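Using only what follows, build the 3D model:
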Amino acid sequence: MRRSVRWFGIVGVAAIGVLAPVYIPQALAGVEAFRANDVEILGLGFVSRGEILNLADIEPATSVWEPLDEFESRIEEHPMIRSVSVDRRLPDGLVIRVVERTPVGFVATPTLEPVDREGRYLPLDPARWTLDLPLLTPRIDRAGDGGRPTATRLRLLASVADAIRDEGVFWTHVSEIRETESGDVIAEWGDPQVTFQLGRSTDVRRLQEGVQALGDAMARWEERTPVAVDLRWADQVVVRFDS
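Numbering: from 1, shown residues only. Take a look at the predicted model:
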């Protein structure tokens with residue numbers, strides 16, 4: 001008899017442990033002390049606080065015990081949001097952390113539209129935001145819609161632009177990044193006007209080597225005008241001058 005009582009007790013405790021995460025939040029959701037009065041949103045730049053709250057459907061009567069994954073799935077619908085996480089800060093707080101999509105270049109469609117590193121078009125008005133970005137010019141994309149290249153076609157140039165952003169000296173001088181018919185990537189660099197031949201996978205280290213080689217060549221041959229820096233070979237940098 002004692003053994004039976006003991007087993008019933010164990011089963012009862014186990015049942016409470018299983019059901020508590022499901023039913024206790026539901027019971028607490030109606031308690032006024034758990035209303036979401038303190039909502040902190042981290043990571044905002046282009047997206048406003050109001051947009052996030054509206055998307056998440058968070059109002060003064062919202063409980064912090066509502067399912068967090070539902071908040072996250074609604075916020076992720078915003079085209080400028082790359083990822084989001086929502087946590088509770090009891091008794092009445094929510095912490096929303098967002099990672100926005102960052103524009104890395106413009107595409108002429110024919111109007112200038114910003115895109116991120118994945119080649120996604122971003123709903124940012126260049127007239128509203130000060131965006132100092134290079135022009136991305138891919139090969140002709142027959143799969144594009146009305147002169148708008150697809151994300152697949154833009155992805156190569158956008159990923160190169162994203163890598164270039166980490167090299168501040170180089171980034172501030174780039175006016176255009178384009179794809180040649182052979183599939184190589186070229187960056188037009190201003191002041192002085194120089195074409196950088198990047199290949200398909202140039203990293204920050206190679207860009208730094210190219211900028212340094214250009215500076216050394218200009219200092220050595222001051223009377224000559226550089227026109228191109230070739231970074232397509234892993235073991236050398238070639239600086240070409242106007243003939």
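
How is this protein divided into domains?
31-100, 105-241 (automatic domain parsing).

tell me the mean pLDDT for the longest one?
Model confidence over domain 105-241 averages 90 on the pLDDT scale.

burial count for the nearest residue to residue 161 once chain neighbours are set aside?
Leaving aside its sequence neighbours, residue 161 sits nearest to residue 104 (C-beta to C-beta, 6 or more residues apart in numbering; 4.1 Å). Backbone N, C-alpha and C define where each C-beta goes, glycine included. Residue 104 has 28 neighbours, counted by other C-beta atoms under 10 Å.

Over to residue 49?
12.

tell me the SS of the nearest residue to it once chain neighbours are set aside?
Among residues not flanking residue 49 along the chain, residue 41 sits closest, at 5.5 Å (C-beta to C-beta, 6+ apart). Of the three states, residue 41 takes strand under DSSP: H, G, I helix; E, B strand; the rest coil.

so what's residue 41 bridging to?
residue 96 (DSSP bridges).

my guess is it meets residue 87, correct?
No - applying C-beta atoms under 8 Å as the test, residue 41 and residue 87 come out as separate, 11.9 Å apart.

still on that earlier bit, residues contacting the residue nearest to residue 49?
Residue 41 is in contact with 49, 52-53, 96, 98, counting by C-beta atoms under 8 Å, 6 or more residues apart in numbering.

Check the gap between the nearest residue to residue 90 once chain neighbours are set aside and residue 97 for me.
Excluding the flanking residues, the one nearest residue 90 by C-beta to C-beta, 6+ apart is residue 64, at 6.8 Å. Between residue 64 and residue 97 the computed distance is 16 Å (C-beta to C-beta, to the nearest Å).

Spatially, and excluding backbone neighbours, which residue is closest to the residue nearest in space to the middle of the chain.
Most central in the chain under C-alpha atoms, centre = their mean is residue 101, positioned 3.3 Å from the mean C-alpha point. Leaving aside its chain neighbours, residue 101 sits nearest to residue 116 (4.2 Å; criterion: C-beta to C-beta, 6+ apart).

how deep is that neighbour tucked in, by neighbour count?
22.

Now it. Its backbone dihedrals?
phi -100, psi -170 (degrees, to the nearest 10).

which ones are touching it?
By C-beta under 8 Å, 6+ apart, the neighbours of residue 116 are 82, 101-104, 122, 158.

just residue 206 next, same as before
198, 231.

for the helix or strand where it lies, which positions count as buried?
In this structure, residue 206 sits in helix 204-220 according to DSSP states H and E. Using 16 or more other C-beta atoms under 10 Å as the test for burial, helix 204-220 gives 206-207, 210-211, 213-214, 217-218.

what's the closest of those residues to residue 169?
Nearest to residue 169 among these is residue 211, at 5.8 Å by C-beta to C-beta.

That closest one reaches residue 169, doesn't it?
Yes - at 5.8 Å, residue 211 counts as touching residue 169 under the criterion of C-beta under 8 Å.

now the helix or strand hosting residue 54: how far from the chain's centre is it?
When elements are assigned from DSSP H and E, residue 54 belongs to helix 49-56. Distance, stretch centre to chain centre, for helix 49-56: 19 Å (C-alpha atoms, centre = their mean, to the nearest Å).
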